[in-house]
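Visitor: mind folding the following:
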Amino acid sequence: MKNLIIIALLMIAGTAQAQTNFEKGMAKAFELWETNKWDEAENMFERIAKAEEDEWLPNYYIAQMNSLKSWSEKDETVLKAQLDKAQGHIDIAMSKSEDNAEILIMQAQVYTNWVAFDGATYGMKYAAKVTELYAKAAELEPANPRAALCKADWGMGSAKYFGQDTAPFCKEIESSIELFDTFKPESDFHPNWGKERAEQVLAECKE
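Guide: Numbering: from 1, shown residues only. Below you'll find the predicted structure:
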C-alpha cells in the first residue's frame, strides 16, 4: 500500500510539473507574440506542441498566426505556404480535440482566407463549408461569442455580396457583444479574441 501511495504521489508531482512547464511555455509564447515577435512566438508554440502531445492549444495558435498573416498577403506562393501550415496544425488540433467549437471556427477562418484572396477561384469550393462550420460551432457552443460573431460576420459579408439586407446580421453582431461581456475562457490560454472586431462591425452597422 505504501508503495502505491508513493507511486501515486510521484505521478501527481510529474503531472503538476508538466503542467507548469506547459503554462510557462504558453505564457512566454504569448509574451513574444504581444511584442510583435511573431516568428519567435510561432517557434515557441511549435516546441510546446511537440512536447505536449495532448494539448490542442499550441496547434490552434500556430494556425491562427498563419491565418492572420494571410489576410494581407498578396503573393500566392507565400499565402499557400502559410495556409497549408495553418491547415496542418488545424488537422492535428482536431485529432486531439473532437467537436471543438474553437477549432471549427479557426478552420472556417482559414477557408475564408482562401475566399478573400481569390473569391472567383475559392468561393465555390469553400463558401458553403464556412457557413456549415460556423453553424456547427454555434450549435456546439451557443454561448461562444466567437461562434456568434463569425457566423454573423460571414452572413453579413454574403448579404452584401448579393445585395441583400444586412440588418438582421447587425442584430446578431450586437448579441455577440453581449456574449463577449459574459464569456469566461477555460484558462488564460484559451481563445478570447473577437470583441474588438464585433464592436467595429457594429459601429459600421450604425453609420
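Visitor: how close does Lys28 get to Ile62?
Guide: Between Lys28 and Ile62 the distance is 15 Å, computed by Cβ to Cβ, to the nearest Å. Every C-beta, even on glycine, is put in place using the N, C-alpha and C of the backbone.
Visitor: show the contacting residues for Lys24.
Guide: Contacts for Lys24 (Cβ atoms under 8 Å, 6 or more residues apart in numbering) come out as none.
Visitor: any idea which element it lies in?
Guide: helix 2-34 (DSSP states H and E).
Visitor: any idea which helix or strand comes after that helix?
Guide: Using DSSP H and E, the helix or strand that follows helix 2-34 in sequence is helix 38-51.
Visitor: who does the helix or strand following that next one touch, helix- and strand-wise?
Guide: Once the chain leaves helix 38-51, the next helix or strand it forms, by DSSP H and E, is helix 57-70. With contacts taken as 3 or more Cβ pairs under 8 Å, 6 or more residues apart in numbering; DSSP states H and E, helix 57-70 sits against helix 2-34, helix 38-51, helix 76-96, helix 101-117.
Visitor: which residues are in contact with helix 57-70?
Guide: Residues outside helix 57-70 that contact it (Cβ under 8 Å, 6+ apart): 26, 29, 33, 38, 41-42, 45-46, 48-49, 52, 79, 82-83, 85-87, 89-90, 92-93, 96, 102-103, 106, 109-110, 113, 117, 189-191.
Visitor: buried only: go through these for me.
Guide: 26, 29, 33, 41-42, 45-46, 48-49, 52, 79, 82-83, 85-87, 89-90, 92-93, 96, 102-103, 106, 109-110, 113, 117, 189, 191 (16 or more other Cβ atoms under 10 Å).
Visitor: and the helix or strand where Ala137 lies with helix 101-117, angle?
Guide: Element membership for Ala137 (DSSP H and E) is helix 119-140. Helix 119-140 and helix 101-117 are oriented at 160 degrees to each other (axes from the mean of the first three to the mean of the last three Cα atoms, to 10 degrees).
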